[in-house]
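Novice: need a 3D model of the following:
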Amino acid sequence: MELLPANFVYRTYAPRISRILAVVRYLRNLKHSTIRMDIARTVFLLQDLCIGGTQHQTVALAAGLDRARFAPELWTLSGPTELDALAHERGLSVTHLGSKVFPGLDSFAALWQKLGREKPDIFFLCTALPNIWGRIAGRLRTLPLVLGSCRGGGAPARQHERWLWRLTRHIVCNSLAIVEVMAELGVPRGHMSFIANGVDTRRFQPGDQPLSRRDPVILCVARLVEDKDHACLLDAFAKVLIRMPEARLRLVGEGPLEAKLRARVAEPPLTGKVEMLPATTDVAVCCRSSRVAALSSRQEGTPNALLEAMASGLPVVATRVGGVPFLIRGGNGLLVPAGDSDSLAAGLLRVLRDPELAQGMGKAGRERAERDFSFSAMVAGHEELFARVLKKNRAFF
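Specialist: Predicted coordinates:
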C-alpha cells in the first residue's frame, strides 16, 4: 500500500483537526458561562484602579456599555485603590486579585486560577502589565476573545507589541500616532482600531468667570514621571516669570518624581510661585480657576488632561508629540517642540498676554470636545468593535 506524502496529509487534515479542537475549546468554555448567549460577559483587567487617565476611561467605558448586550466587570491585579468607590457608584463589580497596590506573584497566581474557573466572552486588557501577562494567561486558558489596548506613547515598547500583538484577537489604540508606531512594529492595520478617549463635558465646563478676569495661573495635570518632562515645564515657567512675575504654576498629580520636583520648586526663582496638588484634587475646579493649560510631555497617546482642559474652555499650550496634534487643531491651542523650554515659555506668554486670543482658543476647544470627544462616542466605538469581533468569533462555529 502506497503511503500518502506527509505534506499532502498535513495540508488536507491539519485545518480540519484545528477546527475540531477549536469547537472542543468553545464547548468547554461554554459550560463555564453563567450569562445568556445574547449578553456578553465582558471583563476589563487593569493593573489597578489608582487615579489615572486609563483607569478613569475604563470605568466610564464599562459603566456606559449597553447592559442589554454586555455584562461588564472590573478585575484588578492590585488590592483596593482610590477609584473603587467610583466604580461601585457606577454600578460595577470590582474583583481584586491582589492584596497590595503593586501586583505581586499572588496576583498572577489568582488570575491564572480564576481564568481556569471562569471564561468571560470578552477579556479586555487595560494598562501595561495586563497587556503582557493577561494576554499570555488568556491564550493559555483558551479564552474565546482576548482584546488588547495600547495607550500612551511608550506603551508599544513597554508592552512588547512587536511580539505580543499575536496573542490578541484585536487591539484598541487611543491615538492615530500609536497606530502608526504599531504598524512599524509589524502589527497589521486590520488588527487595530483607533478609538479616541472621551471626556465628561457635563462635569468639565467653562467657568462663569472669563479668562481675562482670572489670575494668570498655568495648569498642568500629569503624573510626576519622566515622560511628562516637568523639568522642561519648570524651566519654561522660570522664563515666564521674568516677563510676568505675577504668573503662577499649578501642578496636579503624583508619582516617583514628586520629592525631586518639590525640591526644585522650593528654590529661586520658583519659590512660592508653584502649587503642587495631589491626584485626588478636583481637576474640574482647577480648570475653572486657571487661564491656560500646559503639557510638556516627551511622548503621549491622547492625554485626558488636554481633553478636560478643552472641555473647560481653556486654551492649551503643549508639545507636538504622539496624539497631541490630533487634539490641538482648529485654533484651540499652540504646539511647541518637545524639550524646548524657550518655545514653551513663548507660547505660554503669548496666551497669557492676549485675552482675546485665549478666549477664542478656549471657545474652539470646548466646541471640539463636545463634537468629537464625548463619552457616548467613545462607548459607542467600543460597543461596535465588541459586537463585530463577537459576531466573527461565533460565526467561526
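Novice: Ser149: what's its closest spatial neighbour, skipping adjacent residues?
Specialist: Leaving aside its sequence neighbours, Ser149 sits nearest to Val172 (Cβ to Cβ, 6 or more residues apart in numbering; 4.7 Å). C-beta: built from backbone N, CA, C; applies to glycine.
Novice: repeat that for Ile136.
Specialist: Residue nearest to Ile136 in three dimensions, not counting chain neighbours: Leu167, with 6.5 Å by Cβ to Cβ, 6+ apart.
Novice: state the helix or strand in which the residue nearest the centre of the chain lies.
Specialist: The centroid of the chain falls nearest to Thr54 when counting by Cα atoms, centre = their mean (3.5 Å). For Thr54, the element it lies in under DSSP states H and E is helix 53-64.
Novice: which strands border the helix or strand just after that helix, and is each parallel or antiparallel?
Specialist: Counting by DSSP H and E, the next helix or strand C-terminal to helix 53-64 is strand 70-76. Strand 70-76 pairs in its sheet with strand 40-46 (parallel), strand 94-96 (parallel), by DSSP bridges.
Novice: ranking those strands by burial, who's on top?
Specialist: strand 40-46 (a mean of 24; mean count of other Cβ atoms under 10 Å).
Novice: okay, angle between that strand and helix 53-64 too, please.
Specialist: Angle, strand 40-46 to helix 53-64, by axes from the mean of the first three to the mean of the last three Cα atoms, to 10 degrees: 160 degrees.
Novice: give me the domain ranges for this structure.
Specialist: 33-198+375-395, 211-372 (automatic domain parsing).
Novice: I'd like those domains as JSON lines, with mean pLDDT and distance to Gln205 appended.
Specialist: Formatted as JSON lines, the domains of the chain follow (pLDDT from 0 to 100; distance: least, Cβ to Cβ, whole Å):
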{"stretch": "domain 33-198+375-395", "mean pLDDT": "94", "distance to Gln205": "14"}
{"stretch": "domain 211-372", "mean pLDDT": "97", "distance to Gln205": "7"}
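Novice: ok so, going back, would CSV of the strands paired with strand 70-76 with distance to Arg368 be doable?
Specialist: Output for these, formatted as CSV (distance: least, Cβ to Cβ, whole Å):
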stretch, distance to Arg368
strand 40-46, 28
strand 94-96, 33
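Novice: Asp227 is nearest to which of those strands?
Specialist: Closest to Asp227 of the strands paired with strand 70-76 is strand 40-46 (Cβ to Cβ; 19.1 Å).
Novice: off-centre distance for the closest one?
Specialist: In terms of Cα atoms, centre = their mean, to the nearest Å, the gap separating the centre of strand 40-46 from the centre of its chain is 16 Å.
Novice: what of stretch 299-311?
Specialist: Remark: stretch 299-311 is offset 10 Å from the chain centroid, using Cα atoms, centre = their mean.
Novice: so the residue nearest to the centre of the chain touches Leu129, yeah?
Specialist: No. Taking contacts as Cβ atoms under 8 Å, Thr54 lies outside contact range of Leu129: 11.8 Å.
Novice: please enumerate the helices of the stretch 101-250 of the chain.
Specialist: Under the criterion DSSP state H, counting those that start in this stretch, the stretch 101-250 of the chain carries helices at the ranges 105-117, 135-140, 155-158, 161-164, 176-184, 230-243.
Novice: gap between Ile328 and Leu357?
Specialist: According to Cβ to Cβ, to the nearest Å, Ile328 stands 14 Å off from Leu357.
Novice: I meant Ile218, not that one.
Specialist: Ile218 is 15 Å from Leu357, where distance means Cβ to Cβ.
Novice: between these two, tell me which one has more neighbours.
Specialist: Higher neighbour count among Ile218 and Leu357: Ile218, with 23 against 16, using other Cβ atoms under 10 Å.
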